[in-house]
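*Asks:* sequence and predicted structure are below.
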Amino acid sequence: MKVILASAVLALALVASGQEPAREVRALWVQRATLSSPDAIRALVQSAKAAGFNTLLVQVRGRG
């Protein structure tokens, strides 16, 4: 979650300064049901990285 928040703040800062982002954002939506254990989370992050994703958008609340 901290990575997503930091990425959003950085993106807003770059837009406000008129500079273009240094890299492309390749995001992956992660449903909360897939976050069943620390091992599952590690596997998800490794798979996302191997597939070329650099941002994870993690659902933290369902039916909110």
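*Replies:* In hand now; what should we look at?
*Asks:* residue ranges of the strands in the chain, please?
*Replies:* Using DSSP state E, the strands found in the chain span residues 27-30, 55-58.
*Asks:* flag the shaky bits of this protein, pLDDT-wise.
*Replies:* 1-3, 5-11, 14-22, 64 (pLDDT under 70).
*Asks:* any chance of a markdown table for the strands of the chain, columns mean neighbour count and distance to I41?
*Replies:* Bear in mind the C-beta positions are built from the backbone N, C-alpha and C, glycine included. Shown next, in a markdown table, are the strands of the chain (neighbours: other C-beta atoms under 10 Å; distance: least, C-beta to C-beta, whole Å):
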| stretch | mean neighbour count | distance to I41 |
| --- | --- | --- |
| strand 27-30 | 14 | 9 |
| strand 55-58 | 15 | 9 |
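*Asks:* please convert the ones you listed to JSON lines, extending it with distance to L12.
*Replies:* What follows is these, written out as JSON lines (distance: least, C-beta to C-beta, whole Å):
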{"stretch": "strand 27-30", "distance to L12": "16"}
{"stretch": "strand 55-58", "distance to L12": "14"}
